[in-house]
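S.K.: Any chance you could fold what I've pasted below:
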Amino acid sequence: MIDTHAHLFWQDFDEDLPAVLEHAKDAGVSRVITVALDKETGQECLEIAAAHPDMVAATIGVHPSDVQQATEDDLLWIEAQAGDQRVVAIGEIGLDYYRGETNISQQEALFERMLDLARQLALPAIIHHRKAGTRTLEIIRQSGVSRGVFHCFSEGIEFAREALDLGFHISFTGNITYAKSRLTEVAKFVPLERLLLETDAPFMPPVPYRGKRCEPRMVREIAMKLAEIKQVDFETVDRITTEAAIKLFFS
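M.R.: Reported below is the predicted structural model:
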């Protein structure tokens, strides 16, 4: 299994990251992609990937919620570092209209710039799209970027269809294991070869770990839930999602 989206730089892991990675390996996780939110966390992601080269890869980018804090120097640094061999994607990037933000034009300009960077370097994009679905799709379509993943997916089937038509993959977090989740039908709809596994650690732990720190090892529970939804065995989900992740991020 490959956990395609975790935030290993988060302070929750400051004391025991090596043990966290060992536990992930013991659970059958072969790689973890640690996903940046801004320049500072991008630096940390690169350092973690350098310290654990056989287990961790990095991304680089600016989360939409950090748009007002990102300076031009920050963006130039990100663009300069994006070609580093440890970087396997541009992300986490996208749009977030959840709280009725007043910086929508800034978010969109940043998103366009990050997508252009992904296109120039032929890197996949990791997309954040909270409450901004239609506009997110429009900007991606205009950018010409056709490789990446809509992470922590929470939209409906029609949105999933459009994301797939653009060439993107879809991943669910622990949210798909929750009793009141409305994502089961979406997961049924998405072809297994277009699904990726992710935890979004340390957030959104799956059942039965709710209320605890989410870790990459818990991606197993998400794979097991997908196996249940798809009515296939766990090994099939493991194999096909791993192949998809390798093709997208490591080839």
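
S.K.: Is L95 in a helix, a strand, or coil?
M.R.: Judged by DSSP: H, G, I helix; E, B strand; the rest coil, the three-state class of L95 is strand.

S.K.: The residue lying closest to it once chain neighbours are set aside: what's it in contact with?
M.R.: Nearest non-adjacent residue to L95, counting by C-beta to C-beta, 6 or more residues apart in numbering: A132, 3.6 Å away. Glycine gets a C-beta too; all of them are placed from N, C-alpha and C. Applying C-beta atoms under 8 Å, 6 or more residues apart in numbering to A132 gives the contacts 94-97.

S.K.: one more time with 10 Å
M.R.: Listed by C-beta atoms under 10 Å, 6 or more residues apart in numbering, the contact set of A132 reads 64, 94-98, 101, 104, 107-108, 111, 138-139.

S.K.: can you map out the helices along the stretch 151-251 of the chain?
M.R.: 157-165, 184-189, 219-230, 234-249 (DSSP state H, counting those that start in this stretch).

S.K.: between the ones you listed, which gets nearest to I60?
M.R.: Nearest to I60 among the helices of the stretch 151-251 of the chain is helix 234-249 (13.2 Å), distances taken as C-beta to C-beta.

S.K.: Quick check: the gap between E108 and Q43.
M.R.: E108 sits 26 Å away from Q43, going by C-beta to C-beta, to the nearest Å.

S.K.: Extract the residue ranges of the stretch 151-251 of the chain that are flagged as low pLDDT.
M.R.: Regions of the stretch 151-251 of the chain meeting the criterion pLDDT under 70 are absent.

S.K.: Would you work out how far apart the start and end of stretch 124-142 are?
M.R.: 16 Å (C-alpha to C-alpha, to the nearest Å).

S.K.: Next: stretch 183-196.
M.R.: 15 Å.

S.K.: returning to what we had before: and of the contacts of A132, the nearest to A80?
M.R.: F111 (19.5 Å).

S.K.: Now do the helices in the stretch 1-150 of the chain.
M.R.: Using DSSP H, counting those that start in this stretch, helices in the stretch 1-150 of the chain cover 17-26, 39-51, 72-81, 104-121, 133-143.

S.K.: and the residue nearest to T236 when sequence neighbours are not counted, how far is that from C45?
M.R.: Nearest residue to T236 in three dimensions, chain neighbours excluded: A227, at 7.0 Å (C-beta to C-beta, 6+ apart). Plainly put, A227 is 30 Å away from C45 if you go by C-beta to C-beta.
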